[in-house]
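Engineer: no sequence for this one, just the structure:
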């Protein structure tokens, strides 16, 4: 994994391919590589859909190895949704395959003059780019089936649906899972629109004939990986809660805590939450012949995914995750798991971020486009997005645009990106992350819920502003480092509570690369990534005024605690003063 593959889509005569050594980017992977490369090579003031923007696809430092949980993929660019730097993260198979093919990154740059659509095939023999306009406007599931018929079923794929082709701000990039289904998405920030602007529909990856990446010290690496896995299995979150009920185990927990945003962030509890909880979902999945626990890529030991079948026992979608169930469920007043699963399928098929779409529909409900709680209406709206109707194009542009078009005051976005499934008034640490992350509102950028609610890594009162700045700061630093390794972010639960598991991760990095990294070195990596991202955003025109929650969070108390977001602006400006 010592080279960069560049694909210039704007070259005369069609896309051109070149390879180069990592050079100045040596030692970087995942988010560290995507953000550094974007910051160095993309003009901060460029149009996100223009030729100057670049889409960077990078596996992590440990991807393509035997390490458990190492299959996360980072995709970076200037975001069409936020206007700032963006890294969106996905599970699935592509990260492992790209790493085994020897690439630290795939960089898609330039912009074609015409509207021809291309597919890319990469294997041990090289790269082949083919014009294929038969793929135009194909949804992801149909696209995958077409590619399977052409390339077989031993491949992995990265693709966009119609939303990406239409360059919508809510467009995601799909990655195939172990069953070769387009169920894992780099969802946030509209990066599917960037891929669409480059006229790339799908990247098919085949690592047949390639070996697993080898560490410099195989024995130490094997020993550290075993300790790492043992730690994950011993932790109550990664070893019990997530495998049993998936991420949706959080529904009852957050609802009880009063931090479950309901009816477009009007309330903190949903009285029908039990109908769409992780426990109910798992019971439904098993009863219908689906799976309540499943890994999204080879080497996953947490197995927080699953498969959801319809009432007739047929596969409908992967297990809808907590954020998806909330966004299309409680946030919209919908309590029908089958409707939520259908919305999840449609989002995946059209290539849409489930968080952005769910929040957008909540805003549309507030605007009176459909009634709150109207499940069939919500399904109809997402289908309009996939069809590209005038209303669908507005909704597909995200919550901020939809709010402006329909004159809605309560629009829960930061830097133009929709807030995820935790109310910042009742979980104040996550509010700090939403406000200050370079990525726009993003719970994964610094998951303070772990400490505020789950009491992992300590105990900081979620209802008080005290301690939230330091909590979010430390978690944002740690997260940026984890995102660079290719590890699933869920390992953080064990890392925060088990020093020996954190040390095992450090030992894996040292054994693989022949380093002498310590905990301080990991923190330095995270700080470097955040500094790089913030400098890009500053050059793109962002100021401290962008590091704020929408005003209604500080003026409208939320039930049941009847409090507002209490962290002061001057405190928010101290998050990155380390």
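Structural biologist: That came through, no problem. Computed from a prediction, not measured in an experiment: that's the story for all the values here.

Engineer: from memory residue 536 sits against residue 84, does it?
Structural biologist: Yes. Counting by Cβ atoms under 8 Å, residue 84 is a contact partner of residue 536 at 7.0 Å. From N, CA and C alone the C-beta is placed, and that goes for glycine too.

Engineer: Of those two, which one has the most company?
Structural biologist: residue 84 (27 against 23; other Cβ atoms under 10 Å).

Engineer: who touches that one in this structure?
Structural biologist: When contacts are counted by Cβ atoms under 8 Å, 6 or more residues apart in numbering, residue 84 touches 78, 415, 438, 439, 440, 533, 536, 537, 540, 542.

Engineer: Show me which of those residues are buried.
Structural biologist: In the contacts of residue 84, burial by neighbour count holds for 78, 415, 438, 439, 440, 533, 536, 537, 540, 542, counting by 16 or more other Cβ atoms under 10 Å.

Engineer: Pop out the phi and psi values for residue 456.
Structural biologist: When read as degrees, to the nearest 10, the backbone of residue 456 gives phi -90, psi 130.

Engineer: Would you mind listing the residues in contact with it?
Structural biologist: Taking Cβ under 8 Å, 6+ apart, one finds 237, 450, 493, 496, 497 in contact with residue 456.

Engineer: Most neighbours among the residues you listed, which one?
Structural biologist: Counting by other Cβ under 10 Å, top hit in the contacts of residue 456: residue 493 with 24 neighbours.

Engineer: Skipping adjacent residues, who's closest to that one in space?
Structural biologist: residue 237 (4.2 Å; Cβ to Cβ, 6 or more residues apart in numbering).

Engineer: For the one you found, which three-state class applies?
Structural biologist: helix (DSSP: H, G, I helix; E, B strand; the rest coil).

Engineer: Residue 457 is in contact with that one, correct?
Structural biologist: No. Between residue 237 and residue 457 there is no contact under Cβ under 8 Å: 10.9 Å.

Engineer: care to break the protein down by domain?
Structural biologist: Domain assignment for the chain, taken from automatic domain parsing, gives 3-205, 215-245+424-578, 248-422.

Engineer: returning to what we had before: how about the contacts of residue 456 in CSV, adding distance to residue 373 and secondary structure?
Structural biologist: Below are these laid out as CSV (distance: Cβ to Cβ, whole Å; DSSP: H, G, I helix; E, B strand; the rest coil):
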residue, distance to residue 373, secondary structure
237, 32, helix
450, 31, helix
493, 33, helix
496, 37, helix
497, 39, helix
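
Engineer: and of the residues you listed, the nearest to residue 558?
Structural biologist: residue 450 (21.1 Å; Cβ to Cβ).

Engineer: From the centroid of the chain, which residue is nearest?
Structural biologist: residue 89 (4.0 Å; Cα atoms, centre = their mean).

Engineer: Are we agreed that that residue is in a strand?
Structural biologist: Yes. Under three-state DSSP, residue 89 sits within a strand.

Engineer: Quick check: beta-bridge partners of it?
Structural biologist: residue 74 (DSSP bridges).

Engineer: thinking again about what came up before, narrow the contacts of residue 84 to those in helices?
Structural biologist: 533, 536, 537 (DSSP state H).

Engineer: and which of those is nearest residue 473?
Structural biologist: Looking across the ones in helices among the contacts of residue 84 and measuring by Cβ to Cβ, the closest to residue 473 is residue 533, at 14.3 Å.

Engineer: Look up how far residue 478 lies from that closest one.
Structural biologist: 15 Å (Cβ to Cβ, to the nearest Å).

Engineer: ok, the nearest residue to residue 415 once chain neighbours are set aside to residue 419 distance?
Structural biologist: Leaving out its chain neighbours, the residue that sits closest to residue 415 by Cβ to Cβ, 6+ apart is residue 440, at 3.7 Å. Computed as Cβ to Cβ, the residue 440 to residue 419 distance reads 9 Å.

Engineer: who touches both of the two?
Structural biologist: With Cβ under 8 Å, 6+ apart as the test, residue 440 and residue 419 both reach residue 413.

Engineer: follow-up on the earlier one: can you redo the domains of the chain as a markdown table with mean pLDDT?
Structural biologist: Below are the domains of the chain laid out as a markdown table (pLDDT from 0 to 100):
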| stretch | mean pLDDT |
| --- | --- |
| domain 3-205 | 97 |
| domain 215-245+424-578 | 96 |
| domain 248-422 | 97 |
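
Engineer: where's residue 526, which helix or strand?
Structural biologist: Element membership for residue 526, per DSSP states H and E: helix 519-539.

Engineer: OK, contacts around residue 263?
Structural biologist: Per Cβ under 8 Å, 6+ apart, neighbours of residue 263: 331, 332, 333, 362, 372.

Engineer: got it, and residue 494?
Structural biologist: 231, 232, 234, 235, 237, 238, 501.

Engineer: Pick out whichever of those sits closest to residue 160.
Structural biologist: Among the contacts of residue 494, and counting by Cβ to Cβ, the member closest to residue 160 is residue 238, at 31.5 Å.

Engineer: My guess is that closest one contacts residue 492. True?
Structural biologist: No. When contacts are counted by Cβ under 8 Å, residue 238 is not listed as touching residue 492 (9.2 Å).

Engineer: Comparing those two, which residue is more hemmed in?
Structural biologist: residue 238 (27 against 22).

Engineer: and the more buried one, how far is that from residue 491?
Structural biologist: Taking Cβ to Cβ, one finds residue 238 at 7 Å from residue 491.

Engineer: With residue 345 instead?
Structural biologist: Relative to residue 491, and taking Cβ to Cβ, residue 345 is found at 28 Å.

Engineer: same check, this time on residue 535
Structural biologist: Distance from residue 535 to residue 491, by Cβ to Cβ: 28 Å.

Engineer: what are the ranges of the strands in the stretch 1-150 of the chain?
Structural biologist: 3-8, 16-21, 55-59, 73-78, 85-90, 103-109, 118-123, 126-131 (DSSP state E, counting those that start in this stretch).

Engineer: Determine the set of other helices and strands touching the fifth one.
Structural biologist: In other words, strand 85-90. helix 30-41, strand 73-78, strand 173-175, strand 184-186, helix 519-539 (3 or more Cβ pairs under 8 Å, 6 or more residues apart in numbering; DSSP states H and E).

Engineer: next one: the third one
Structural biologist: Where contact means 3+ Cβ pairs under 8 Å, 6+ apart, strand 55-59 is packed against helix 30-41, strand 73-78, helix 94-100, strand 103-109, helix 191-197.

Engineer: With residue 367 as the reference, name the closest of those.
Structural biologist: That would be, of those and by Cβ to Cβ, helix 191-197, which comes in at 23.4 Å.

Engineer: Contacts for the helix or strand following the closest one, please.
Structural biologist: As assigned by DSSP H and E, the chain's next helix or strand after helix 191-197 is strand 200-205. With Cβ under 8 Å, 6+ apart as the test, strand 200-205 has contacts from 7, 9, 57, 94, 97-98, 101, 106, 108, 117-123, 132, 135-136, 138, 143, 147, 151, 155-160, 165.

Engineer: Sheet-wise, list the partners of strand 200-205 with their directions.
Structural biologist: By DSSP bridges, strand 200-205 pairs with strand 118-123 (parallel), strand 156-159 (antiparallel).

Engineer: Single out the most deeply packed of the ones you listed.
Structural biologist: Of all the strands paired with strand 200-205, strand 156-159 has the most neighbours on average by mean count of other Cβ atoms under 10 Å, namely a mean of 26.

Engineer: Tell me which residues of stretch 252-272 come out buried.
Structural biologist: 252-255, 257-270, 272.
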